[in-house]
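> here is my input, please return the structure:
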Amino acid sequence: MDLSLTREQRAVRDAFAALFGKQATPERVRRAEQGPSIGFDELLWQHYADIGALGIGVPSDCGGGDGGLLEVALVAEEAGRRLAPIPVAETAAAARLLGRLREKELLVPVLSGSVIVSLATRPGPAAQQLLVDGAIADAVLALDGDSLVYVNRPAGLPKTAHRNLGGLSLARWHAPGPTTVLAEGSEARAIFDTAVDEVRVLRAAALVGLASEAVGIGSRYAIVREAFGQPIGMYQAVAHPFADAITALDGSQLLVRKACWAMDSAQDDAGALAAMAFVFASEAAYHAATHSLHVQGGYGFMEEYDIQLYYRRAKAWAAAFADPRRELLTVADRRFGPVTTGGR
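Numbering: from 1, shown residues only. Below you'll find the predicted structure:
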């Protein structure tokens, strides 16, 4: 198993690093937080769609680019590095799900960016969930009972997000819109479970990018900030946690890439690796952002300093999907089998 990137994959990574570096500046991220939808930059979304990002992981016979999960994860990592204020993980998983079902008619507006389709990541009616893209999505895919359904946004529902510190477009749909059944029974559950695992991997990839830039922000500050006649980066209490964070980042990135390989090649441990990647990256990102913020002292908590943008999202991006500690139970169930007697 070779997890190194091919030339084409490096090209994908570099192209999106350039896009987000130019179009997802800290100023744009801050402005997006102030809008009613919170965390959504419409102009960046259109640029994102125009270069074919929404179809990277979709089969070519459905209008996509025939890429695998790793290519999509590379995009998510670069989006996380710049805190790109657009939906990435759930929308990519939803597009790939529609591609598996060969829903070409539904995919046309999705790939152009004119319709935003997200994923309700918990089983149950979409109207009973706090949707991570609920303020901006035009439709969501949900597993309602034994049916995988395409649920349109209720008519007249304002695109206003619940106020939150994580820059997320969170909202509830208190009533379902027009609904189309895409699959039923065991097929529906299997396709949905795969999509949710892809969200785990893509969120992990975004958190790897976030953590990498958070370490960069903190370490650059530690080089120029002096105390007692030398840069504070010379002190072990500052330097060693950065070394730990970089080591954890390497492990997180490796887990993400291995999970992508396992899912694309249908390995038996793919589900366990997806959950492991999410848990490990969530913890690594939070610790990296926390240390980088503390290194900057009181400045780190001020809105004028970029690290607070990363610190808030390091927790929110993971918690919006699932509590990483509870996800350890998913890892345990998938590695060793679910508990069959007694209870937790």
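
> counting neighbours, what do you get for the closest residue to residue 46 other than its chain neighbours?
By the measure of Cβ to Cβ, 6 or more residues apart in numbering, the closest residue to residue 46 outside its immediate chain neighbours is residue 113, 6.0 Å from it. All C-beta atoms are positioned from the backbone trio N, CA, C, and that covers glycine. Here the count is done by other Cβ atoms under 10 Å, and residue 113 has 19 residues near it.

> OK, contacts around residue 113?
With contacts taken as Cβ atoms under 8 Å, 6 or more residues apart in numbering, residue 113 has the following neighbours: 45, 46, 48, 49, 50, 54.

> cool, residue 66 as well?
58, 59, 60.

> sec struct for it, please.
Classification of residue 66 by DSSP: H, G, I helix; E, B strand; the rest coil places it in coil.

> now do it, the pLDDT please.
Taken from the predicted model, the pLDDT recorded for residue 66 is 96.

> and residue 344, by the same measure?
According to the predicted model, the pLDDT of residue 344 comes to 50.

> in strands only, show me the contacts of residue 113.
When the contacts of residue 113 are checked against strands using DSSP state E, none is located there.

> which of those residues has the largest number of neighbours?
Neighbour counts for these peak at residue 54, which has 28 neighbours (criterion: other Cβ under 10 Å).

> okay, it and residue 62: tell me how far apart.
From residue 54 over to residue 62 the distance is 12 Å, taken as Cβ to Cβ, to the nearest Å.

> please apply the same query to residue 133.
Here the criterion is Cβ to Cβ. By it, residue 133 lies 21 Å from residue 62.

> more neighbours, the two?
residue 133 (29 against 22).

> from memory that one sits against residue 90, does it?
Yes - applying Cβ atoms under 8 Å as the test, residue 133 and residue 90 come out as touching, 5.7 Å apart.

> what touches both of the two?
In contact with both residue 133 and residue 90: residue 118, using Cβ under 8 Å, 6+ apart.

> now residue 324: how far from residue 120?
According to Cβ to Cβ, residue 324 stands 20 Å off from residue 120.

> which residue of these two possesses the greater neighbour count?
The neighbour comparison of residue 324 against residue 120 (other Cβ under 10 Å) goes to residue 120, with 29 against 20.

> show me what contacts the more buried one?
With the criterion set at Cβ under 8 Å, 6+ apart, residue 120 makes contact with 126, 129, 131, 140, 141, 142, 143, 151.

> farthest pair within the residues you listed?
Of all pairs drawn from those, the one with the largest separation by Cβ to Cβ is 131 and 143; the distance is 13.7 Å.

> so where's this structure uncertain?
341-344 (pLDDT under 70).

> for it, which segments are assigned as helices?
Counting by DSSP state H, the segments of the chain that form helices are 7-23, 26-34, 42-50, 69-81, 89-100, 104-112, 185-224, 236-264, 270-295, 307-319, 324-336.

> with respect to residue 301, which of the ones you listed lies nearest?
Between residue 301 and the helices of the chain, the tightest spacing by Cβ to Cβ is seen for helix 307-319, at 6.1 Å.

> what's the angle from that closest one to helix 89-100?
For helix 307-319 against helix 89-100, the angle between stretch directions is 40 degrees (axes from the mean of the first three to the mean of the last three Cα atoms, to 10 degrees).

> and helix 307-319, which residues are buried?
Buried residues in helix 307-319, counting neighbours by 16 or more other Cβ atoms under 10 Å, are found at 307, 308, 309, 310, 311, 312, 313, 314, 315, 316, 317, 318.

> now do stretch 249-259
By neighbour count, with 16+ other Cβ under 10 Å as the criterion, the buried positions of stretch 249-259 are 249, 252, 253, 255, 256, 257, 258, 259.

> pull the CA atoms of that stretch into PDB?
As requested, the backbone C-alpha atoms of stretch 249-259 are provided in PDB (Å, rounded to 0.1, in the frame of the first residue of the first chain):
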ATOM      1  CA  LEU A 249      -0.700  15.900  12.500                       C
ATOM      2  CA  ASP A 250       1.400  13.400  10.600                       C
ATOM      3  CA  GLY A 251      -0.500  10.500  12.200                       C
ATOM      4  CA  SER A 252      -3.900  12.200  11.400                       C
ATOM      5  CA  GLN A 253      -3.000  12.700   7.800                       C
ATOM      6  CA  LEU A 254      -1.800   9.100   7.500                       C
ATOM      7  CA  LEU A 255      -5.000   7.800   9.000                       C
ATOM      8  CA  VAL A 256      -7.100  10.000   6.600                       C
ATOM      9  CA  ARG A 257      -5.300   8.700   3.600                       C
ATOM     10  CA  LYS A 258      -5.400   5.100   4.700                       C
ATOM     11  CA  ALA A 259      -9.100   5.500   5.400                       C
END
